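K.L.:
Below are the sequence and a predicted model; questions follow.
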Amino acid sequence: MKPEYEPEYRQIGLKIAYYRKLRGLTQEQLAERVERTPAFIGHIEAPNINKAVSLDTLFDIASVLDVPAYKFLLFDE
């Protein structure tokens, strides 16, 4: 991950956490549905950890959470 994109990845992670909680899912449940580990989901969502996520994984997460993928890519300035 390029350092200049860290704020965007952080926002993606926070949005994933928001929609996951809105759907009443735990990190473990989301991880199982997208075939990742709970630690991976935890790292994506943690605001103090910089973890990149592939588009394939983002699309999988969006599908499970029933959220259009573009919503994760709308960034606050």
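P.N.:
That came through, no problem. Numbering: from 1, shown residues only.
K.L.:
what ranges of the protein fall below the confidence cut-off?
P.N.:
Counting by pLDDT under 70, the chain shows no low-confidence range.
K.L.:
Helices along that one, start to end?
P.N.:
With DSSP state H, the ranges of helices along the chain come out as 6-22, 27-33, 38-45, 55-65.
K.L.:
Between those, which one is closest to Asp76.
P.N.:
helix 6-22 (6.6 Å; CB to CB). From N, CA and C alone the C-beta is placed, and that goes for glycine too.
K.L.:
next one: the closest one to chain centre, how far?
P.N.:
5 Å (CA atoms, centre = their mean, to the nearest Å).
K.L.:
that older thread, burial-wise, tell me which of the helices of the chain comes out on top.
P.N.:
Highest mean neighbour count of these: helix 38-45, a mean of 18 (counted as mean count of other CB atoms under 10 Å).
K.L.:
hmm, who's touching that one?
P.N.:
12-14, 16-17, 20, 27-28, 30-31, 34, 49, 51, 53 (CB atoms under 8 Å, 6 or more residues apart in numbering).
K.L.:
do the same with stretch 54-71
P.N.:
12, 15-16, 19-20, 23, 25, 30, 33-36, 53, 72.
K.L.:
same thing but at 6 Å, please
P.N.:
Ile16, Tyr19, Arg23, Arg33, Val34 (CB atoms under 6 Å, 6 or more residues apart in numbering).
K.L.:
Reformat the residues you listed as a markdown table; add distance to Val67.
P.N.:
Below are the contacts of stretch 54-71 laid out as a markdown table (distance: CB to CB, whole Å):
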| residue | distance to Val67 |
| --- | --- |
| Ile16 | 9 |
| Tyr19 | 5 |
| Arg23 | 9 |
| Arg33 | 13 |
| Val34 | 13 |
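K.L.:
closest to Lys2 among those?
P.N.:
Out of these, the member with the shortest distance to Lys2 (by CB to CB) is Ile16, at 19.9 Å.
K.L.:
OK, contacts around that closest one?
P.N.:
Taking CB under 6 Å, 6+ apart as the test, what Ile16 contacts is Ile44, Glu45, Ile61.
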